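Visitor: Got a predicted model here, sequence first, then my questions.
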Protein chains: 2
Amino acid sequence: MARDPLPETDLTRHRRLREQGSLDRDDLDAILDAGFVCHLGVVVEDRPLVVPTVYGRDEESLYVHGSVAGRSLAAESPVCVTVTHVDGLVLARSVFEHGVNYRSAMIHGVPRKVTDPAEKTEGLRRLTEHATPGQWAYARRPSRRELAATTLLALSLEEASVKIRTGAPDDGDGPDAALGLWAGTLPLTAVWGAPDPDPLLQPGLAPPAHIARREGTRHG
Amino acid sequence: MARDPLPETDLTRHRRLREQGSLDRDDLDAILDAGFVCHLGVVVEDRPLVVPTVYGRDEESLYVHGSVAGRSLAAESPVCVTVTHVDGLVLARSVFEHGVNYRSAMIHGVPRKVTDPAEKTEGLRRLTEHATPGQWAYARRPSRRELAATTLLALSLEEASVKIRTGAPDDGDGPDAALGLWAGTLPLTAVWGAPDPDPLLQPGLAPPAHIARREGTRHG
């Protein structure tokens, strides 16, 4: 069933490169599900601060590990969370038309600190499973004390927008095509490597299937 | 010759996970040189905005393509530019000790709009060569009109800090080691693919050596 588009607001309206913009919720979900590290922007004493952190999501909310921005998120204040996947370089005939193929999601809002232990546990489960499916059932789950020591933020996915650029350079049908220069894209792909055991692990202990089977698969 | 460390300021002091922090200029340069997409944070009407964009650098400055944040950068205002490379997942025995191996640089300052045509050309050369070494000499360079249509920002590299996490999980010598669970890291690597020619290209035109030779090499 087709879902309603994301609402167009002052923050989600696409002003530049409108052809790259989308307010499609499926596009948003796909970009979020393809990664696990976001860039969290906050304002601290009138200055921006952009910190990388990990996230997960459910249907309505993004869950963000907030400890990285400890001091910044003491008060409830607006944030901008951006998730970007770089898919390759766009190599045009002219420097001016050079660019990047990418998928990017931007989410705006005032996050809520998750304090209820059950909700926090569920949020951390989402976050853990988002990065490593199968790991919540395998690893030791947070104790009450660990749960209290973790800062988890919930941010509504309602005010969000997406930008996507794919395909060839844009100067293939202009005067620069006559220059006879090679043009195209150089794709970039992230790939999971072989699990690297902790040197302190007892010898002979193999990684569980949910980790081992990721080796050689594409990420992003 | 050893270089002086980056100055410790209110913005560059490491408050959390100090063991991951660095003010080493060589670490900063290495992280910047390993990527070409940054996340640029600005404050617009008291809200943060985080946009992905491309960058290059020289010894003193970061050059950032600023058009993506057109309206936001009309006035000279503080920015935070963050560059992050994700090197893998840290899979500990306990969920609480899970994390990410990464290298991240954060640069603070008030950027200067580059207006002098010679300086702008040199900045764009740095930016182009940063993403694709050899491309400035190969592609058609910006015309006077294209130069005027490009927004380029220069940001001093003087107020910056670095965070790096490498290696195994931290719970290998604690009580959780007795759980008998596998623990280690799952490395993530970005690799350049085969050059994908523009469908509008005349058949038989091969990519130049500086592009073709990147296929299969590691990025980041």
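Guide: Noted; the coordinates are in hand.
Visitor: contact partners of the helix ranked longest in chain A?
Guide: Ranked by number of residues, the top helix in chain A under DSSP state H is helix A:117-131. Contacts to helix A:117-131, defined as Cβ atoms under 8 Å, 6 or more residues apart in numbering or on different chains, come from residues A:33, A:36, A:54-58, A:63, A:65, A:114, A:135-136, A:139, A:141-142, A:144, A:147, A:150, A:152, A:154, B:89, B:95, B:98, B:100. For glycine as for every other residue, the C-beta is placed from the backbone atoms N, C-alpha and C.
Visitor: If we use 7 Å, what do you get?
Guide: A:36, A:54-58, A:63, A:65, A:114, A:135-136, A:142, A:147, A:150, A:152, A:154, B:89, B:95, B:98 (Cβ atoms under 7 Å, 6 or more residues apart in numbering or on different chains).
Visitor: Ok, stretch A:142-155 next?
Guide: By Cβ under 7 Å, 6+ apart, stretch A:142-155 touches A:61-67, A:70, A:73, A:79, A:81, A:107, A:109, A:111-114, A:117, A:120-121, A:123-124, B:95-96.
Visitor: So which of the residues you listed are in helices?
Guide: Using DSSP H, those in helices are A:117, A:120-121, A:123-124.
Visitor: Just the buried subset of those residues, please.
Guide: A:120-121, A:123-124 (16 or more other Cβ atoms under 10 Å in any protein chain shown).
Visitor: ok so, going back, how far off centre is the longest helix of chain A?
Guide: 16 Å (Cα atoms, centre = their mean, to the nearest Å).
Visitor: pull the CA atoms of it into PDB?
Guide: C-alpha atoms of helix A:117-131 as PDB (Å, rounded to 0.1, in the frame of the first residue of the first chain):
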ATOM      1  CA  PRO A 117      13.600   1.000  31.400                       C
ATOM      2  CA  ALA A 118      11.400  -1.200  29.200                       C
ATOM      3  CA  GLU A 119      11.400   1.400  26.400                       C
ATOM      4  CA  LYS A 120      15.100   1.900  26.800                       C
ATOM      5  CA  THR A 121      15.700  -1.800  26.600                       C
ATOM      6  CA  GLU A 122      13.600  -2.100  23.500                       C
ATOM      7  CA  GLY A 123      15.400   0.900  21.900                       C
ATOM      8  CA  LEU A 124      18.800  -0.600  22.600                       C
ATOM      9  CA  ARG A 125      17.500  -3.900  21.100                       C
ATOM     10  CA  ARG A 126      16.600  -2.000  17.900                       C
ATOM     11  CA  LEU A 127      19.900  -0.200  17.900                       C
ATOM     12  CA  THR A 128      21.900  -3.500  18.400                       C
ATOM     13  CA  GLU A 129      19.900  -5.400  15.900                       C
ATOM     14  CA  HIS A 130      20.200  -2.600  13.400                       C
ATOM     15  CA  ALA A 131      24.000  -2.800  13.300                       C
END
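Visitor: Direction included, what does the longest strand anywhere in chain A pair up with?
Guide: What stands out as the longest strand in chain A, according to DSSP state E, is strand A:79-91. Here strand A:79-91 has these sheet partners by DSSP bridges: strand A:37-44 (antiparallel), strand A:99-109 (antiparallel), strand A:184-192 (antiparallel).
Visitor: I'd guessed A:Ala139 sits against B:Ser94; true?
Guide: Yes. Look at A:Ala139 against B:Ser94 with Cβ atoms under 7 Å: they come within range, at 6.0 Å.
Visitor: returning to that earlier point: keep only those of the contacts of helix A:117-131 that are in helices.
Guide: A:135-136, A:147.
Visitor: would you turn the residues you listed into CSV with neighbour count and pLDDT?
Guide: Formatted as CSV, the ones in helices among the contacts of helix A:117-131 follow (neighbours: other Cβ atoms under 10 Å in any protein chain shown; pLDDT from 0 to 100):
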residue, neighbour count, pLDDT
A:Gln135, 20, 98
A:Trp136, 16, 98
A:Leu147, 17, 94
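Visitor: give the contact list for A:His108.
Guide: A:11, A:80, A:159-160.
Visitor: tell me which of these is nearest to B:Pro48?
Guide: The nearest member of the contacts of A:His108 to B:Pro48, counting by Cβ to Cβ, is A:Cys80 at 4.5 Å.
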